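Participant: Just to be clear, the model below is a prediction. Sequence and coordinates:
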Amino acid sequence: MELSQIGLVPRIVIGVIAGAVVGMLFPGVATELGLLGQLFVAMLKAVAPLLVMLLVMSAIANRHERSADSRRILITLVLYFVGTMSAALVALLLSSAFPQTLALSGAADGAPPAAVGSVLSDVLFKLVDNPINALLTGNFLGCLSWAILLGLSFRRASEAFRQNLQTLADGVADVVRYVIALAPIGIFGLVCLTVATTGVEVLADYLSVAGLLVAAMLIVALLVNPLYVWLLTRQNPYPVVFRCLEESGVTAFFTRSSAANIPVNLALAKRLGISEELYSVTIPVGATVNMAGAAITITTLSIAAAHTLGVEVSFAQSLLLCIVASLAACGASGVPSGSLLLIPLACGLFGIPVDIAMQVVAVGFIISVIQDSAETALNSSTDVVYTYAAEHARIGERQAT
């Protein structure tokens, strides 16, 4: 059997194994091969904003939006918020059942936001960003808002213009398929670099915290998400959940960027038969605001900081932490470790000083090779899972009849 005949995921697994072997046996060479992974992520990030803008413009300009589409978009957005809140609650329960403490030392660099309001205001300003700047900086909310407005305007354009717009969107989608086909090589490079530069010994002191984070994310991915899918569709949720974890989660785990994984998710949503009007909007929005993994990270590390300092956490503070973590997670960047600088916001609820909170952020960076990879895999795969659930929601079907 030729290599080209093997499925993408098996080829990615081969790349992971090969990257791990090269990273352990030839660390010097592996560091240089890391360039392959960095180029792969850069290509995904480069094509994603243009793809989102053209896809949404074409979908709106060439199709009549149905009321069912609006309902499904709303259902997906509600799922994003409910799912993020549920993830924070799962992290809170596990942190209470298995209290964690941290060995705090050095502080991390960076300037955390001063309040949740500043995080949310930043999201609003992204919506009204200059369209050229939005494309250049990878601001998907800005790309989406302009794409919707232009798509609505282009409905009045000539048939020839709208067909050309569709052709342009299809052309960029083809480029995305070419880039995704390079995933095994890109992930090989990423694994090479990670194994060669990250010693296992640095994780030993924080293995318990990292284990708790991963456990919470697995509970959300394998229990909470399937529950919501079943409640909406009344179908066995696990086939689509496992497929999303396999085809979206695996790539996101190694790229560690929700933004870079948008093209992967758009292609997966199309293969799942989800309507373009739905996924072209919900997938880029989800990459920005659907942050269950980030909510878990913020909640778990903030509670761990409180336990380390002997701070008593009341029930009311716990609930407030879940709300703050969910709202703050919506403003987490789509880049690696984007949620960590939001931890000082949550720590402020317990009166923990910023300098101590930044030491907690430093711990997050130490375990980020595990934490951020699992977090991104959960965030990104959940975007498609919830979009699929909204597409097949029975409540929408009843209202549409």
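Facilitator: Yep, that arrived. Residues are numbered from 1 along each chain as shown.
Participant: Ranking helices and strands of the protein by mean pLDDT, which lands last?
Facilitator: The element with the least model confidence among the helices and strands of the chain, by mean pLDDT, DSSP states H and E, is helix 394-400, at a mean of 52.
Participant: give me phi/psi at the residue of the chain positioned farthest from its centre?
Facilitator: Among residues of the chain, the one most distant from the C-alpha centroid is Ser158; the distance is 37.3 Å, by Cα atoms, centre = their mean. Ser158 has phi and psi values of phi -70, psi 160 when expressed as degrees, to the nearest 10.
Participant: So for it, what's the pLDDT?
Facilitator: Ser158 is assigned 88 on the pLDDT scale.
Participant: and the gap between it and Asn164?
Facilitator: Distance, Ser158 to Asn164, using Cβ to Cβ, to the nearest Å: 9 Å. To be clear about C-beta, it is placed using only N, CA and C from the backbone, and glycine gets the same treatment.
Participant: ranges for the helices of the stretch 201-350 of the chain?
Facilitator: Secondary structure of the stretch 201-350 of the chain (DSSP state H, counting those that start in this stretch): helices located at 201-204, 207-219, 225-233, 238-244, 250-255, 262-271, 276-289, 292-309, 315-330, 343-347.
Participant: In the helix or strand following the last one, which residues are buried?
Facilitator: For helix 343-347, the following helix or strand on the C-terminal side (DSSP states H and E) is helix 354-366. Applying a neighbour-count criterion of 16 or more other Cβ atoms under 10 Å, one finds 354, 356-366 buried in helix 354-366.
Participant: So what angle separates the directions of helix 354-366 and helix 292-309?
Facilitator: Compare the direction of helix 354-366 with that of helix 292-309 by axes from the mean of the first three to the mean of the last three Cα atoms, to 10 degrees and you get 130 degrees.
Participant: which is the next helix or strand following helix 354-366?
Facilitator: Past helix 354-366, further along toward the C-terminus, the next helix or strand under DSSP H and E is helix 368-391.
Participant: In terms of secondary structure, what does that following helix contact?
Facilitator: For helix 368-391, the packing partners by 3 or more Cβ pairs under 8 Å, 6 or more residues apart in numbering; DSSP states H and E come out as helix 67-97, helix 207-219, helix 225-233, helix 238-244, helix 250-255, helix 262-271, helix 276-289, helix 292-309.
Participant: what's the neighbour count on Thr76?
Facilitator: 25 (other Cβ atoms under 10 Å).
Participant: can you check Arg271 too?
Facilitator: In terms of burial, Arg271 registers 9 neighbours under the definition other Cβ under 10 Å.
Participant: pLDDT below threshold where in this structure?
Facilitator: Counting by pLDDT under 70, the chain has low-confidence residues at 1-5, 63-68, 104-120, 198-205, 331-338, 395-401.
Participant: Please, which helix or strand holds Ala18?
Facilitator: Take DSSP H and E as the rule and Ala18 turns out to sit in helix 8-25.
Participant: Show residues contacting stretch 129-136.
Facilitator: 49-50, 53, 126, 137, 139-143, 146 (Cβ atoms under 8 Å, 6 or more residues apart in numbering).
Participant: Flag every buried residue along that stretch.
Facilitator: Of the residues in stretch 129-136, those buried under the neighbour-count criterion (16+ other Cβ under 10 Å) are 129, 131, 134-135.
Participant: Using a markdown table, lay out those together with secondary structure and distance to Gln235.
Facilitator: Below are the buried residues of stretch 129-136 laid out as a markdown table (DSSP: H, G, I helix; E, B strand; the rest coil; distance: Cβ to Cβ, whole Å):
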| residue | secondary structure | distance to Gln235 |
| --- | --- | --- |
| Asp129 | coil | 39 |
| Pro131 | helix | 39 |
| Ala134 | helix | 37 |
| Leu135 | helix | 38 |
